[in-house]
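[1] pasting a predicted model and its sequence here:
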Amino acid sequence: MKRNQMLRALWPSIALAAIACGSEPPTSPDGPALAKGTAGGGPKTSITVTAADPDTVPIGTTLAVRILGSGFGSDATVEYALAGMTTTKVTATSVSFISSTELLTTTTVAADAPLSGYDIAVTSGGKRGIGVQQLTVVAEEIVLPQPGGVRSSASDVNDDGIIVGAMFDAADNLYPLRWTPDGAGGWRAEIIGTAGRSAIAINNAGEILLRQHDGTTWWSWVRRSDGTEYSLGAWAYGLDIADDGTIIGMVGDGSATPSTWGAWARSGPSSWGPFTPLPLGGYVAPTLTMISASGEWIAGRVGKTADPMEWAVVWRRVGGLWTGPILVDADPGAALAINSQGKIAGATWPCSDFTCTSLPVRWPGAGGSKEFLESDGSAVNGYGFVHGMNEAGDVVGRGYQRVSSKGRGSLQEVPALWLRGTTRVISLGRPAEAHAINNRGVVVGRNDSWPHHRAIAWRVP
């Protein structure tokens, strides 16, 4: 539901925070163990399994999958497994013998199949060969409509499944979009508000935060569920909105003076009070990233005088007043996402000389022990980004999938999901970036088909 808006040099004080990885064993199995084999473990056999075509399949589908390898016979059978244990969530309901190097299966993937890499086991003539994690099950991907547009991106989603974002038309005009569930498993799109704006965030009351730069000045508005709008005024850069209507962002005057970060609190059913700067407690150069759905917590990062590093911090509202900033970790980093329980996700770079890679992490709360989030399924550090978190502590962003054994160049970007209670990265599908997740398993973002990227929604079982 709420999400971290990554800021891209819109003011001198805004910087992009990058993050990366950790690791954990595969998903729990739900069937008997496969015999250990060669190409994936087992007694030596003359059967090998080298590939699946396609090698990536979505949940809730039945499709033809070719199994490639060698040593196949006309009596060949195919099983799928998680962590070496056969599963009933992905099954080969029929197997056709094509040749000793190819089988054609009808493969059924259950709607609640765990998102993971699956082993493929082929048995023939009393022999068995296993290809480890040759088939990847991903989330259902829905390309969102873009009426009259050529590219689009989704930035946030609330618990009613209403998505907001923006699109560009062929003349490069920008329009804010709202996607509403159509009752048939998809979404219908509508342009909301004036050209030149983007829809940045939405809360569970259906209030949408809009933002625009007119060439010289930033402007922000709240669009209520009845379609009326409230302006936050000139030089207001709105970033996120909580369920109680609290808005975070910054204000400035276009001068070289650093902008001021803070919040606007609701003053009435359809109005907001004056901008209130957040306390800094001796820190400098703050950047806010996200407010919790409850409006109680704000995540961000700050600097220290005469120190080039940044530190992850949070602010908390107590008795109507913001307190903090509260240091999240002794290591430098950034708090990029936060939920109503005060759980935090973000980045840490545990060094002081800029020579190490930043790592994606999750904290149980400020001062708690961090856990490093895996990025590419194997590396302990690497390349990844945290963008959003829901109330359960599920985190989304961008991860990397290793497509060969040739090192860093073999990694491709994938929309990443880190579920509560695990640090293992789950790829939601083809190269893309996940921006936000609600409390009902809907993730939104965009694919990476530059220059014609599209707004995407994924359903997670």
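    Noted; the coordinates are in hand.
[2] for the closest residue to Arg459 other than its chain neighbours, give me its contacts.
    Distance criterion Cβ to Cβ, 6 or more residues apart in numbering; nearest residue to Arg459, sequence neighbours excluded, is Glu140 at 4.4 Å. C-betas here are computed from N, CA, C, even on glycine. By Cβ atoms under 8 Å, 6 or more residues apart in numbering, the contact set of Glu140 is Pro58, Ile59, Gly60, Trp458, Arg459.
[3] among those residues, name the buried ones.
    Pro58, Ile59, Trp458, Arg459 (16 or more other Cβ atoms under 10 Å).
[4] now, which of those residues lie within strands?
    Taking DSSP state E, the ones among these that sit in strands are Pro58, Trp458, Arg459.
[5] OK, contacts around Asp75?
    Phe97, Ser124, Gly125.
[6] and the last one, how far is that from Phe372?
    When you say that, I think you mean Gly125. According to Cβ to Cβ, to the nearest Å, Gly125 stands 45 Å off from Phe372.
[7] excluding chain neighbours, what is closest to Lys89?
    Nearest non-adjacent residue to Lys89 (Cβ to Cβ, 6+ apart): Ala113, at 3.9 Å.
[8] can you give me the distance of that neighbour to Gly441?
    Counting by Cβ to Cβ, the gap from Ala113 to Gly441 is 14 Å.
[9] who has more neighbours out of the two?
    Higher neighbour count among Ala113 and Gly441: Ala113, with 26 against 15, using other Cβ atoms under 10 Å.
[10] in three-state terms, label that one for me.
    Three-state call for Ala113 (DSSP: H, G, I helix; E, B strand; the rest coil): coil.
[11] got a list of what it touches?
    So Ala113 contacts Ile59, Thr87, Lys89, Val90, Val137, Pro461 (Cβ under 8 Å, 6+ apart).
[12] try it again with 7 Å
    Ile59, Lys89, Val90, Val137, Pro461 (Cβ atoms under 7 Å, 6 or more residues apart in numbering).
[13] now swap in Thr108 and tell me
    Thr62, Thr91, Thr93.
[14] quick one: which of the residues you listed is nearest Trp218?
    Thr62 (49.6 Å; Cβ to Cβ).
[15] in what helix or strand does the closest residue to the closest one other than its chain neighbours lie?
    The shortest distance from Thr62 to any non-neighbouring residue, by Cβ to Cβ, 6+ apart, is to Thr108 (4.5 Å). Taking DSSP states H and E as the definition, Thr108 sits inside strand 102-109.
[16] out of Gly125 and Phe372, which sits in the busier spot?
    Phe372 (19 against 14).
[17] settle this for me: that one is touching Val425, isn't it.
    No - using Cβ atoms under 7 Å, Phe372 is not in contact with Val425, being 11.0 Å away.
[18] and the strands in the stretch 51-200 of the chain?
    56-58, 61-70, 77-82, 85-86, 90-99, 102-109, 116-124, 127-138, 140-143, 151-157, 163-168, 174-181, 187-191, 197-202 (DSSP state E, counting those that start in this stretch).
[19] who does the closest residue to Tyr175 other than its chain neighbours bridge with?
    Leaving aside its sequence neighbours, Tyr175 sits nearest to Ile191 (Cβ to Cβ, 6+ apart; 4.9 Å). Ile191 has these beta-bridge partners by DSSP bridges: Leu177.
[20] pull the contacting residues for Ile191.
    Contacts of Ile191 by Cβ under 7 Å, 6+ apart are Pro147, Tyr175, Pro176, Leu177.
[21] same question for Asp182.
    Per Cβ under 7 Å, 6+ apart, neighbours of Asp182: Arg188.
[22] Leu428 versus that one, what's the distance?
    22 Å.
[23] likewise Pro145?
    20 Å.
[24] and what of Ala52?
    For Ala52, the distance to Leu428 - Cβ to Cβ - is 19 Å.
[25] repeat that for Gly273.
    Distance from Gly273 to Leu428, by Cβ to Cβ: 39 Å.
[26] what's the answer for Ala139, then?
    4 Å.
[27] common neighbours of these two, please.
    Joint contacts of Ala139 and Leu428 (Cβ under 7 Å, 6+ apart) are Trp458.
[28] of the buried ones among the contacts of Glu140, closest to Asp240?
    For the buried ones among the contacts of Glu140, the nearest to Asp240 is Trp458 (21.3 Å; Cβ to Cβ).
[29] the closest one and Glu371, how far apart?
    24 Å.
[30] same check, this time on Ala234
    Distance from Ala234 to Glu371, by Cβ to Cβ: 42 Å.
[31] more neighbours, these two?
    Glu371 (18 against 15).
[32] residues contacting Arg188?
    Pro145, Trp179, Thr180, Asp182.
[33] for the residues you listed, work out which two are farthest apart.
    Pro145 and Thr180 (11.0 Å).
[34] so for those two, which residue has more residues nearby?
    Pro145 (18 against 14).
[35] surely the more buried one and Gly186 touch.
    No - contact between Pro145 and Gly186 fails when scored by Cβ under 7 Å: they sit 8.2 Å apart.
[36] which residues touch the residue lying closest to Thr305 once chain neighbours are set aside?
    Nearest in space to Thr305, with sequence neighbours left out and distances taken as Cβ to Cβ, 6+ apart, is Val284 at 5.7 Å. The contact partners of Val284, by Cβ under 7 Å, 6+ apart, come to Val302, Gly303, Lys304, Thr305.
[37] the third one contacts Tyr283, doesn't it?
    Going back to what we said before, that points to Lys304. Yes - with contact defined as Cβ under 7 Å, Lys304 counts as touching Tyr283 (6.3 Å).
[38] more neighbours, these two?
    Between Lys304 and Tyr283, counting by other Cβ under 10 Å, Tyr283 is the more crowded of the two (18 against 14).
[39] measure that one to Leu327 for me?
    Counting by Cβ to Cβ, the gap from Tyr283 to Leu327 is 9 Å.
[40] for Asp55, same thing?
    Counting by Cβ to Cβ - Asp55 and Leu327 are separated by 44 Å.
[41] repeat that for Ile338.
    Counting by Cβ to Cβ - Ile338 and Leu327 are separated by 14 Å.
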